[in-house]
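In: Here is a sequence together with a model predicted from it:
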Amino acid sequence: MPNLPNYSEAMKDFVESHVIGLIVVFSAGAGLVAFRRWMGGRVCQSKARLDGKTVLITGANTGIGQETALDMAKRGARVILACRDVTKALIAADMIRQRSGNGNVVVKKLDLASLQSVRELAKDVEKNEPRLDILINNAGIMMCPKWKTEDGFEMQFGVNHLGHFLLTNCLLDVLKKSAPSRIVIVSSLAHEKGKIHFDDINLDNNYKREISYRQSKLANVLFGKELAARLQGSGVTVYSLHPGVIRTELGRHLFPTLALWKRIIAMPLMMLIKTPWEGAQTTIYCAVEESLANESGFYYSDCARKTAAPQAQDDAAAKRLWDLSASMVGLG
């Protein structure tokens, strides 16, 4: 064991000789912490209660949908988890009941890749739910292979847009009856690179999974815009949003297809992006924030209104997409 003076001198020499390296390491560490906090984004500050109100969330058995459902339950709402995998949804519902202390959490079957399933859920809600105050279109699929829905639509467009388009329209009567009510549409920053391929909506001629995903997310924002215009004066308001880059199961079709070196690089970066709880904050904000009561048809990110991409603000494209979607799902 060195005596104290010699030990101190040794430490001094070490620091002086490694000062640049230590500064780099410290700066990098501080930078990563700051970056992680920035990536985490803002938190919804609203303390609004939802006692006596009903919230339906699609895809609520995992990820940001589950976190949103938990938050709604903590606020006292009756929460409906509308999910394709009923077994997982029942497990999630039990967890939400335990953590929120709210026993009024139920599961209903919904497969957005089946128009029949969408219609059956809507009929169930209309028959058995006296009100619906908040509809959160959260479920989605990302970067999957060239799959088709039960009705023959390209999977990402079919699930992310068409399924929710039909569900929302089928639930409008109960939403209007429950007004003031809200419709929250989870989109993505990916809409900024999106284009609606009106002449090849299912991308049969040139399928690329990223092009399909971007199209579906742009469709979400355009749908929200046109829906808000059609609901003016009804007491039903509409919000679309980007939740952030999040660690969820949404990337399950993408990650395994990456080259090994890309996966190695991506793994530590995954620790810097949003958790599902952080990713749910803008959804929660749009669902409950009191100051948004008189806003409708806008796009949000990081718990604030943001400007959507120019192609997402095209009124003619929004109407054209509505007409095409209505025709595809058989909406009169």
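Out: Received it, and whenever you're ready, just let me know what you need.
In: What segments of the stretch 101-250 of the chain are helices?
Out: For the stretch 101-250 of the chain, helices defined by DSSP state H, counting those that start in this stretch occupy the ranges 115-128, 155-157, 164-170, 172-177, 209-230.
In: quick one: average pLDDT of the shortest one?
Out: Confidence over helix 155-157, taken as the mean pLDDT, stands at 98.
In: Give the other helices and strands that it contacts.
Out: helix 209-230 (3 or more CB pairs under 8 Å, 6 or more residues apart in numbering; DSSP states H and E). Glycine gets a C-beta too; all of them are placed from N, C-alpha and C.
In: Which positions within the helix it packs on qualify as buried?
Out: Residues 209, 211-228 are the ones in helix 209-230 that count as buried (16 or more other CB atoms under 10 Å).
In: So, low pLDDT: which residues of the stretch 201-332 of the chain?
Out: Where the stretch 201-332 of the chain drops to pLDDT under 70, the residues are 246-273.
In: All the strands of it, in order from the start?
Out: Assigned by DSSP state E, counting those that start in this stretch, the strands in the stretch 201-332 of the chain fall at 236-242, 298-301, 304-306.
In: deepest of the ones you listed, which one?
Out: strand 236-242 (a mean of 25; mean count of other CB atoms under 10 Å).
In: Domain map for the chain?
Out: Domain assignment for the chain, taken from automatic domain parsing, gives 4-37, 41-329.
In: Pick the most deeply packed of the ones you listed.
Out: The most buried one of those (mean count of other CB under 10 Å) is domain 41-329, showing a mean of 19.
In: Regarding that domain, how distant is the last residue from the first?
Out: End-to-end distance for domain 41-329, by CA to CA, to the nearest Å: 37 Å.
In: How far does that domain sit from its chain's centre?
Out: Centre-to-centre, domain 41-329 and its host chain are 5 Å apart (CA atoms, centre = their mean, to the nearest Å).
In: Please renumber the chain so that the first residue is 16 from this point on.
Out: Okay, residue one is now 16; in that scheme the one you just asked about reads as domain 56-344.
In: Leaving out sequence neighbours, find the closest residue to residue 225.
Out: residue 158 (6.6 Å; CB to CB, 6 or more residues apart in numbering).
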